[in-house]
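K.L.:
structure here, sequence nowhere to be found:
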């Protein structure tokens, strides 16, 4: 068998070689000449693959149209799973559950002993857990699919087939949620944005949104709490001018007064349901802040009062979270990260308010004075890990913190041109960018956000940022 890697060629020479009438080897993503000269290389049209005896990729369909039934789909998924069911659930408890407790721990008692005994929905959920718990491999270049990306494409195709067969369950919705979280965490856009809406609608289709009284059984209460977590991971990608996609059709899902609460554990801050309720509160507040900023009413006074009340609530929740989470673990708190994102978005928006009267002047002044301390807090939170004074556990790190650091770095980049003494801003910016580069080893959205920052940074400033060493004085 030919073990040579498949070579991807463009149909035509690159634009630079054509304009200068030079010989082009048509290699992608950049030709050899442009690579040697360190010049930008651009192609027009599609990229084709040279003939090769390499067998089709593992992402090719493994189920023929004649055997599209749940049993064959389950067997195809199970073939890709190396670990036992109990081992996969243990990995979930260690790596995902601390910051995204979407699956009840009581589920452990229901684990099958082998994949032969497992149901289709559990097998799919297990595969999605393995996918999210896997760190990305080192960059292998354009035109090649890593094993992680291949597994991602496989699970997307399986979900589509299962949906087409009309099969749905709580575990399938949980599997969809983990795949969407995977897309968000690794910067897979627009796939993440599209998946948000479809996953929420899949949850609505289950009609499980009725909240249960505290007297309900523990197992049913756990399932209700798990179902609420379906909406938590999506708010992070709404931090822009897009219409919200996470509005559930079920009544009461966004009511903070109906947050699922663990009976008998009201004072146990380490209980998963306690942590879930805090994350749910933070994500709902972030959703409300985003909606108030980008979908305001025609009454400016009402809008400003609404934002003020949301900020007060966010600060109260932030205070509670800081008290409940140890200092060394604050960076691993998904709820605290979401809470800071909401505050950052509100203050950034407030600094841009057009001053028309005393009320808008007060709004802008308060936002400007509050934004700087928050940026300092975010920088100080990641500083020990970038400086090397404290080791970071990437397996425990929620991807929400990555977007928070990106937004802070984006604001810092804009400030570089407005401040007369920008040395301190430059120091903080290097720390924030250094953290994104570090996190990219676990969540590829770190590199995705870095590329967005580079696009918005002037070449001269970018060269200055990358050339200098980070000062931790």
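P.N.:
Structure received. Keep in mind that this is a model prediction, so the values were computed, not measured.
K.L.:
measure stretch 352-366 end to end?
P.N.:
End-to-end distance of stretch 352-366: 12 Å, with C-alpha to C-alpha, to the nearest Å as the criterion.
K.L.:
state the mean pLDDT of it.
P.N.:
For stretch 352-366, mean pLDDT is 88.
K.L.:
again, but for stretch 115-127
P.N.:
92.
K.L.:
next SSE after the helix or strand bottoming out on mean pLDDT in the chain?
P.N.:
Lowest on mean pLDDT, DSSP states H and E among the helices and strands of the chain sits strand 47-49, with a mean of 35. Using DSSP states H and E, the next helix or strand after strand 47-49 towards the C-terminus is helix 70-78.
K.L.:
tell me which other helices or strands that next one touches.
P.N.:
helix 120-133, helix 147-164 (3 or more C-beta pairs under 8 Å, 6 or more residues apart in numbering; DSSP states H and E). (Each C-beta comes from the backbone N, C-alpha and C, glycine too.)
K.L.:
which SSE is residue 346 in?
P.N.:
According to DSSP H and E, residue 346 maps onto helix 334-351.
K.L.:
show me which residues of that helix are buried.
P.N.:
By 16 or more other C-beta atoms under 10 Å, the buried positions in helix 334-351 come out as 334-351.
K.L.:
same question for stretch 110-125.
P.N.:
In stretch 110-125, counting by 16+ other C-beta under 10 Å, buried: 111, 115, 118, 120, 121, 122, 123, 124, 125.
K.L.:
return the distance of the helix holding residue 346 from the chain's centre.
P.N.:
Averaging C-alpha positions (C-alpha atoms, centre = their mean, to the nearest Å) puts helix 334-351 16 Å from its chain's average.
K.L.:
same check on stretch 403-423?
P.N.:
22 Å.
K.L.:
can you give the contact residues for that stretch?
P.N.:
Stretch 403-423 has contacts (C-beta atoms under 8 Å, 6 or more residues apart in numbering) with 236, 239, 337, 340-341, 344-345, 348, 371, 375, 378-379, 382, 425-426, 428-429, 432-433, 435-436, 439, 445, 449, 452-453, 456-457, 461.
K.L.:
the helix holding residue 346 - contacts with which helices or strands?
P.N.:
helix 272-294, helix 300-324, helix 358-387, helix 400-415.
K.L.:
okay if I get those as a markdown table plus distance to residue 133 and mean neighbour count?
P.N.:
Below are the helices and strands packed on helix 334-351 laid out as a markdown table (distance: least, C-beta to C-beta, whole Å; neighbours: other C-beta atoms under 10 Å):
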| stretch | distance to residue 133 | mean neighbour count |
| --- | --- | --- |
| helix 272-294 | 17 | 22 |
| helix 300-324 | 25 | 16 |
| helix 358-387 | 21 | 16 |
| helix 400-415 | 17 | 23 |
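K.L.:
can those helices go into JSON lines with extra columns for distance to residue 72?
P.N.:
Shown next, in JSON lines, are these (distance: least, C-beta to C-beta, whole Å):
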{"stretch": "helix 272-294", "distance to residue 72": "35"}
{"stretch": "helix 300-324", "distance to residue 72": "46"}
{"stretch": "helix 358-387", "distance to residue 72": "46"}
{"stretch": "helix 400-415", "distance to residue 72": "37"}
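K.L.:
lowest average pLDDT across those helices?
P.N.:
helix 272-294 (a mean of 83).
K.L.:
report the angle between that one and helix 300-324.
P.N.:
Angle, helix 272-294 to helix 300-324, by axes from the mean of the first three to the mean of the last three C-alpha atoms, to 10 degrees: 150 degrees.
K.L.:
27 is where my numbering starts, stick with that
P.N.:
Fine by me, first position is 27 from now on; the one you just mentioned is helix 298-320.
K.L.:
and the angle from helix 298-320 to helix 360-377?
P.N.:
10 degrees.
K.L.:
helices and strands around helix 298-320, which ones?
P.N.:
Using 3+ C-beta pairs under 8 Å, 6+ apart, helix 298-320 sits against helix 244-254, helix 326-350, helix 360-377.
K.L.:
tabulate the ones you listed (JSON lines), appending distance to residue 420.
P.N.:
Output for those, formatted as JSON lines (distance: least, C-beta to C-beta, whole Å):
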{"stretch": "helix 244-254", "distance to residue 420": "25"}
{"stretch": "helix 326-350", "distance to residue 420": "22"}
{"stretch": "helix 360-377", "distance to residue 420": "15"}
